[in-house]
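**Q** Got a predicted model here, sequence first, then my questions.
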Amino acid sequence: MVTIEVNNRTVEAKPGEMLLSTLRRAGIKVPTMCNIDGLPPSGACRMCVVEVEGRPGLQPSCALPVTEGMKVQTHSPRAVRARKTIVELLLANHPDDCLYCVRNNQCELQNLAGELGVRERRYTGQREEYHLDLSSPSIVRDPAKCILCGKCVRVCAEIQNVASIDFVGRGSHSRVGTAFEQGLNVSSCINCGQCVMICPTGALREKSALKEVFEAILDPERVVVVQHAPAVSVSLAEEFGLRPGTDINGVMVAALRRLGFDRVFDTSFSADLTIMEEASELVDRIKNGGKLPMMTSCSPGWIKFVEQFYPDMIENLSTCKSPQQMLGALIKSLFAEREGIDPSRIFSVSIMPCTAKKFEAGRPEMGRHGIADVDAVLTTRELARMIRLEGIDLQSLTPSEADNPFGQRSTAGKLFGATGGVMEAAVRTAHYLLTGRELAELKVQPIRGMKGVKKAKLKIDGLEIGIAVASGLGNAAELLEEVRAGRQDLHFIEIMTCSGGCVAGGGQPIGADAAAVRARMQALYNIDRSGTLRTSHSNPDIKRVYEEYLGEPLGEKSHHLLHTHYAKREVVG
Amino acid sequence: MMGSGGLVVMDEDTCMVDLAKFFMDFIQRESCGKCIPCREGTRRMLEILERITQARRSETGTGALERFKGVMYLTRLAEVIKDTSLCGLGQTAPNPVLSTLRWFRNEYEEHIFHRRCPAGACRELLHFRIDPDLCKGCTLCAKKCPTQAIMGAPKSPHYIITDKCIGCGTCLEVCRPKAVIVD
């Protein structure tokens, strides 16, 4: 232990750690705009500067290792004045349009200006001219609001291994841009939205589909159907001030009905369907010598990642569509036929914790006869906006259930919202398909939790199956390199684009820390623990759908509706 | 003050504010843009110096207020850039301003309070007039003036309309009897 003195108080620090970590543990809040927990310090924003005795100038606490006997003043007039000046300098080149900004009241720059008492435009001058990038189906970039903290650049490159954006230009003309300043839509961006989650201002946001959805709801000719993803019910509550990890599934369904959606379905149902198809595909590949390891295909960011960076591994991807697209296909086929509605009259909306789902819904192969299976994708944040806009008081609602014919879901389907969940659900069903018996212990502990890469070996009737789970594409790339290098003992790999899975997706409420993500994940585990229907293959509605419509997993109709194909993708950059 | 340790000797014809502006312009171009104080701050400092060396006629909109605020906060901004910048470039960037302010404060004050440049280097702050005793009324200056700021009948002394003059110095160059006076 190292002892240092902070603000005339003795504080214990761990040897070798950065001063900022010590200060945080000691309950001293020093603001920072460029620091990302778990990554090396960048030292770009200079907000965390403190006065250190015997050192010239002010020192950035994020990049200053503690030393024995160090004497620090964190809130001396000189340090506070420096922080205030930095915020004032940023504001001098920032649009004064907080009231019109999507991040109003959720903006770190706005908060800091408030905390530091910025009350006048001290520095004024020429502003840079920037161009809005509206090209992506998922993400809008507004460089005018960018403060160049570089967090999006680092998340994209260092956590997701994508690097579709970087700094362009120098000095006061620098900005964050794509390769050759082309649109985000033709760049290597995988639409995961992790940049949106980490952006301190409104420079990055989702491309909103609210207008289309409201128009469809108001159109009497259209039947507006909505599905909601497993990870949405455990995070939506945070937008309304409830504790992270509060599950409000029933209330959310009731709110969706109140918003005017004609039918409400649960994507967890089609997660069960995905498991039926995917587990069957895995068993088929193992038994008949198909391409192994098989890799999951639920996460659209991951799919685009493979298509552009690992085209040689496309065959390893499961051909199953994601749950969103499976349910989308069933809504415009089975549901439409059953209700006698022309599919072109159905407007299918999905509520997703994800921005990449917006891209996925627009893929040309995700529809039939020129009709898209999913017409609009809203993120959790957009749903919250919609609920607030319509003045719905969640507390007054009576919880409601999903509609038939897709009314029931297993808790295995619900697990899809967390990293390892698809694997766990698939293992439960694959075990049943291979042996005819249920797993003795349904919980597969080694693949639960927040770790980036998780590996395990399973014995199913003498057959040893190697499984691996990764979340965050940097971790996924590590795993892929192992497979490329010739690793043979893996049979099934689950990849989720975002670290932690969909609970930490790019469409989730802004400002969640690691603890909040863990709480959301735990909420899903709790739902599974207390559930009675815990395996996809025992879901009676799934059985009925196969009996009455699809036939059997991997059958002809399934192939037509529930499976897809991938192709090598050329991108700029 | 600045640079590689070389020594530059300057006489009273070099304006210290102009010199500081020259260095700020250089620094501002050299800034990489990574840290906020250097990226945003050096540009604002340059703008403040530009406002100080500007004529009143060039001020538009809230220009006068901005000039006043710039004067008030120049030192404060310089100290923060020096204290917080990431690398040596930013940490030394305000030095030309701080040291000229320290040793040649009177030159700054002349610029700020009287809008005069004692060294005669800040072009916008120069005031041109014609000495009626020396002017022969040749009309050459009036013909060459790009803004028609010089009036007068041939063979009689000419005069300059200050509000129209942009301080280009053409009249000074063309006048043969050296009747144009700068102050």
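**A** Right, received. Where do you want to start?
**Q** Tell me the residues on chain B that lie near chain A, please.
**A** Residues of chain B lying near chain A by C-beta under 8 Å from any C-beta of the partner chain: B:28-37, B:39-44, B:47, B:62, B:66, B:69, B:73, B:76-77, B:80, B:82-86, B:91. For every residue, glycine as well, the C-beta is placed using N, CA and C.
**Q** Report all helices and strands that whichever helix or strand residue A:413 is part of contacts.
**A** Assigned by DSSP states H and E, residue A:413 belongs to helix A:411-414. Counting contacts by 3 or more C-beta pairs under 8 Å, 6 or more residues apart in numbering or on different chains; DSSP states H and E, helix A:411-414 is packed against helix A:267-288, helix A:421-435, helix A:514-530.
**Q** Report the distance from that helix to the chain centre.
**A** Chain-centre distance of helix A:411-414: 18 Å, with C-alpha atoms, centre = their mean, to the nearest Å.
**Q** Alpha carbons only: can I get it in PDB?
**A** Extracted C-alpha coordinates of helix A:411-414, given in PDB (Å, rounded to 0.1, in the frame of the first residue of the first chain):
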ATOM      1  CA  THR A 411     -37.000 -18.600 -19.900                       C
ATOM      2  CA  ALA A 412     -34.200 -20.000 -22.100                       C
ATOM      3  CA  GLY A 413     -35.400 -17.600 -24.800                       C
ATOM      4  CA  LYS A 414     -35.300 -14.700 -22.300                       C
END
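**Q** quick one on the thing from earlier: out of the residues of chain B next to chain A, which are buried?
**A** Buried members of the residues of chain B next to chain A, counted by 16 or more other C-beta atoms under 10 Å in any protein chain shown: B:28, B:31, B:33-37, B:39-44, B:47, B:66, B:69, B:73, B:77, B:80, B:82-86, B:91.
**Q** In strands only, show me these.
**A** Members of these lying in strands (criterion: DSSP state E): none.
**Q** ok, and what's touching stretch A:480-487?
**A** In this structure, residues lying in contact with stretch A:480-487 by C-beta atoms under 8 Å, 6 or more residues apart in numbering or on different chains are A:293, A:310, A:312-313, A:316, A:490, A:493.
**Q** quick check, nearest of those residues to chain B?
**A** Distances from chain B to the contacts of stretch A:480-487, taken as C-beta to the nearest C-beta, are shortest for residue A:310 (32.2 Å).
**Q** got the contact list for residue A:166?
**A** Counted by C-beta under 8 Å, 6+ apart, residue A:166 has contacts A:153, A:157, A:176-177, A:179.
**Q** measure it to chain B for me?
**A** Look at residue A:166 and chain B: by C-beta to the nearest C-beta, to the nearest Å, they are 12 Å apart.
**Q** and that residue, that one's in a strand?
**A** Yes: the assignment for residue A:166 is a strand, going by DSSP: H, G, I helix; E, B strand; the rest coil.
**Q** Is residue B:84 in contact with residue A:46, as I believe?
**A** Yes: using C-beta atoms under 8 Å, residue B:84 is in contact with residue A:46, at 4.4 Å.
**Q** list residues touching both of these two?
**A** Joint contacts of residue B:84 and residue A:46 (C-beta under 8 Å, 6+ apart) are A:58, A:82, A:86, B:35, B:37.
**Q** Relative to residue A:131, which of these is nearest.
**A** Closest to residue A:131 out of the shared contacts of residue B:84 and residue A:46 is residue B:35 (24.6 Å), distances taken as C-beta to C-beta.
**Q** pLDDT wise, what is the closest one at?
**A** Here the pLDDT value assigned to residue B:35 is 95.
**Q** What's the local residue count around the residue nearest to residue A:104 when sequence neighbours are not counted?
**A** Nearest residue to residue A:104, sequence neighbours excluded (C-beta to C-beta, 6 or more residues apart in numbering or on different chains): residue A:98, at 5.2 Å. Residues lying near residue A:98 (other C-beta atoms under 10 Å in any protein chain shown) number 16.
**Q** Tell me how far residue A:98 lies from chain B.
**A** Counting by C-beta to the nearest C-beta, the gap from residue A:98 to chain B is 19 Å.
**Q** contacting residues for that residue?
**A** A:104, A:107, A:110.
**Q** Show me just the buried residues among those residues.
**A** The neighbour count (16+ other C-beta under 10 Å) marks A:107, A:110 as buried among the contacts of residue A:98.
**Q** where exactly do the strands run in chain B?
**A** Along chain B, counting by DSSP E, strands occupy B:128-130, B:150-151, B:159-160, B:180-182.
**Q** Find me whatever residue is spatially closest to the closest residue to chain A within chain B, sequence neighbours aside.
**A** Closest residue of chain B to chain A, C-beta to the nearest C-beta: residue B:33 (3.4 Å). Nearest-residue entry for residue B:33: residue A:174, 3.4 Å, with adjacent residues in sequence omitted and distances by C-beta to C-beta, 6+ apart.
**Q** Cheers, nothing more for now.
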